[in-house]
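Q: I would like to see how this sequence folds:
(chains A and B)
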2 protein chains.
Amino acid sequence: MPTQSSISSAQPSVVQFARGIPPLEAIATTELTAQAEAVLEERNDIFQYAPLGRNQGDPNLRDQLGAFHGVAAEDIFVGNGSLQVLDLLAGYFLKNRRALVYVEAPTYDRAIEIFERHGAEVVGIPLEADGLDIECLQRRLASDVPALLYTIPDFQNPAGVTLSLEKRKALVDLAATHGFTILEDIPYRELRYHGTAPALLRELSDRGAVITIASLSKILSPGLRIGYAISNKNTSQALAGLAEGTYLSPVPFCQAVAARSFATGLVDSSIKRVRELLRPRHDQAMAAAQKWLGDNILCIPNGGYYLGVRLRTDMMEASFLKSARAEGVVLTRGSGFYSKSQQPGQGTLFLRLPFQALDPAEFAKGLERLVKVAETAEPQENAVYAGGPA
Amino acid sequence: MPTQSSISSAQPSVVQFARGIPPLEAIATTELTAQAEAVLEERNDIFQYAPLGRNQGDPNLRDQLGAFHGVAAEDIFVGNGSLQVLDLLAGYFLKNRRALVYVEAPTYDRAIEIFERHGAEVVGIPLEADGLDIECLQRRLASDVPALLYTIPDFQNPAGVTLSLEKRKALVDLAATHGFTILEDIPYRELRYHGTAPALLRELSDRGAVITIASLSKILSPGLRIGYAISNKNTSQALAGLAEGTYLSPVPFCQAVAARSFATGLVDSSIKRVRELLRPRHDQAMAAAQKWLGDNILCIPNGGYYLGVRLRTDMMEASFLKSARAEGVVLTRGSGFYSKSQQPGQGTLFLRLPFQALDPAEFAKGLERLVKVAETAEPQENAVYAGGPA
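A: Numbers count the residues shown, from 1 in each chain, chains lettered A, B, ... in the order given. Reported below is the predicted structural model:
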């Protein structure tokens, strides 16, 4: 990590490292508006309840999603965003209180919250540069088999890590041997800026032990709130039953706009647009990260939104976040990405640095400031931190 | 109940008594489309995530709802339909497994399902022609105080009953004395065709012990999936926290269309439209009900969608539903509106007869057929029934 010494003492403009949402320019608003207008013109039933039996999702949208993923439409369940889908999956699989769930450490904070709300004990398995620590998982499995293992295998939130093909195969084998279900959550998978994607865990499993959770939020529109699960007919129907008893059906209008966006090619062009917008940001952000953070970086992701950093420092997290804020850097609390029983470890702070919505120069400026904080700030008590949704 | 003898033996056209949804002509589709088009023109942010802090609902919509109900916007929480709001309220109030919930017997079947899914024991308090049996409730309260009491005080689903003002006052007093929370669910309240409405339970309570659950589904559009709770700032914020951890935020587009529909007067004109459409259907349906069903009718509702019938018959429910189906009448299974421990009682079947979507002559034809079934059909084993969502 190079020494840095030239930050202005004037109040700097704030670098926002705390939100994992797409930049507005990554959303094809004009084209989406045209799809929405066409739906309003074509359909007179979108202001009515969805017809009976649509709790699993609009058939047109499920057909399109099936074609996109190469699976049968009956294997797809559509909900109001992928978080809602995860909540229903947790409700379905965690009927027994104190069920055990394994997650990556760190992982998506809201996934931990959902599993815990459904009564589960959530245990983190350490994340390495190529994904889950499989040896640690094997040791755990020798004594405790979970109901679910939750993984974000591509450009993980919050660490940016992609699970290697070798580890994917090992994980699928372990699921088959020990009899647990894998939930693979793939919101960032299509946002690959370099290289080729390893197979999905679901594609590597021949026993139906993997359920894929996906979303249109990062490739088309978050505001449509379209998430879905790919499993099998039985599980999809069970989720539909739970959905009916929770919110009846997802929003007909949003599903119609999404289906039309697939049919007209807007989804494909939108994915292309996002990749072309974010690839140069990614490349410049990674160059800056290597310059300023060196081997504190967990890995160089080839896609997604996030750079994960394990910062070696003796500072307490609260003090670090407060000092960063004073230097004009807003961070999400990294410890929130770990379950209560697992933390990054003594002498290490975990930082999630989203690069998708920042000008590369701004991103680099943020890193420069963080380095200054790590090298100069004094530990403080009663510190505050900047939280905020992903 | 008059004798009836002249049903044709040819397969009759089916009378559908099984769905409690608005008829399409009760939805101002053309006007709603105009609102939606205007939102698409005015707003460039509806395809993005809702801004931070919008988990409680869009501020414009909450302002409009506050003005509509004469409450502060901060007291309002907006979710994806009122069932979703009820699910979050259940999650908030029923953190202890085996909490006790009192409901009306009969009540909305999905409410029972939600409370039970959240681990509650659901106990039904009998419903009389003027609402809950308050004396029975008092006896229950002497030994067991629930966490929640759930009531649909206006034109109840499924029985059509409206809770009298006297009983409302008694119920609010009991809640204050014994320390339980009342959830009053009022989807049908604005659909009053005759008379004037008693005060809301919330308006009669000075202790904040009543939370109102409401919906735009029956007065504007079910497809927008807009439901909301009126409570206080603290409870609304707690619900917003739960919502954020379940589905992030409700759909921005739908909320914008709803807010604009209030602002432009469409909600008011839509309520007027629905009342004018349904009043004559109601009046003719009630005349037919008095002719064919006599004092099997629980009460003559002055609004809403439903006529509740306690049919005195020795037939088993499954046999009755099967025979009705054979005569061309599709019914929801009435016992589903009761918790497992309460049922209509020996020698009585409960029937929910929605009149809002039927031509009055068709409604009367359905009653005529039901009378024939009750008088002539033989009890049968292994019978099937027609279920279906409300």
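
Q: in the stretch 151-300 of chain A, which spans are helices?
A: A:165-178, A:201-204, A:233-247, A:252-263, A:266-293 (DSSP state H, counting those that start in this stretch).

Q: residue closest to the middle of chain A?
A: Residue closest to the average C-alpha location in chain A (C-alpha atoms, centre = their mean): A:N157, at 4.3 Å.

Q: got the contact list for the nearest residue to that residue once chain neighbours are set aside?
A: Of all residues not flanking A:N157 in the chain, A:Y108 sits nearest, at 5.0 Å (C-beta to C-beta, 6 or more residues apart in numbering or on different chains). Any C-beta I mention is one placed from the backbone N, CA and C, and that applies to glycine too. Residues counted as contacts of A:Y108 (C-beta atoms under 8 Å, 6 or more residues apart in numbering or on different chains) are A:I152, A:N157, A:P158, A:D185, A:F337, A:A390.

Q: For chain B, what is the nearest residue in the stretch 51-200 of chain A?
A: Using C-beta to the nearest C-beta, the closest approach of the stretch 51-200 of chain A to chain B is made by A:Q84 at 4.1 Å.

Q: right, and that residue touches A:G227 too?
A: Yes: A:Q84 is in contact with A:G227 according to C-beta atoms under 8 Å; the separation is 6.3 Å.

Q: Close to chain B: what parts of the stretch 101-250 of chain A are there?
A: Counting by C-beta under 8 Å from any C-beta of the partner chain, the stretch 101-250 of chain A comes close to chain B at A:110, A:113-114, A:117, A:217, A:221-225, A:244-250.

Q: sorry, back to before: put together JSON lines for the helices of the stretch 151-300 of chain A, with mean pLDDT and mean neighbour count on each row.
A: Formatted as JSON lines, the helices of the stretch 151-300 of chain A follow (pLDDT from 0 to 100; neighbours: other C-beta atoms under 10 Å in any protein chain shown):
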{"stretch": "helix A:165-178", "mean pLDDT": "98", "mean neighbour count": "18"}
{"stretch": "helix A:201-204", "mean pLDDT": "98", "mean neighbour count": "19"}
{"stretch": "helix A:233-247", "mean pLDDT": "97", "mean neighbour count": "20"}
{"stretch": "helix A:252-263", "mean pLDDT": "98", "mean neighbour count": "25"}
{"stretch": "helix A:266-293", "mean pLDDT": "98", "mean neighbour count": "18"}
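
Q: Of all the ones you listed, which one is nearest A:V71?
A: Closest to A:V71 of those is helix A:201-204 (C-beta to C-beta; 8.6 Å).

Q: Check the offset of the closest one from the chain's centre.
A: Centre-to-centre, helix A:201-204 and its host chain are 18 Å apart (C-alpha atoms, centre = their mean, to the nearest Å).

Q: hmm, who's touching that helix?
A: A:151, A:153, A:163, A:168-169, A:171-172, A:182, A:184, A:210-212, A:230.

Q: Return the alpha-carbon coordinates of the helix or strand encompassing A:I125 using PDB.
A: Using DSSP states H and E, A:I125 sits in strand A:121-128. Only the C-alpha atoms of strand A:121-128 are listed here, as PDB (Å, rounded to 0.1, in the frame of the first residue of the first chain):
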ATOM      1  CA  GLU A 121     -29.100 -20.500  13.200                       C
ATOM      2  CA  VAL A 122     -26.900 -18.800  10.600                       C
ATOM      3  CA  VAL A 123     -23.300 -20.000  10.400                       C
ATOM      4  CA  GLY A 124     -20.700 -18.400   8.200                       C
ATOM      5  CA  ILE A 125     -18.200 -20.400   6.200                       C
ATOM      6  CA  PRO A 126     -15.100 -18.300   5.400                       C
ATOM      7  CA  LEU A 127     -14.900 -16.900   1.900                       C
ATOM      8  CA  GLU A 128     -11.600 -17.200   0.000                       C
END
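
Q: chain center to it, what's the gap?
A: Averaged C-alpha coordinates place strand A:121-128 at 16 Å from its chain's average position (C-alpha atoms, centre = their mean).

Q: I am finished for the moment; much appreciated.
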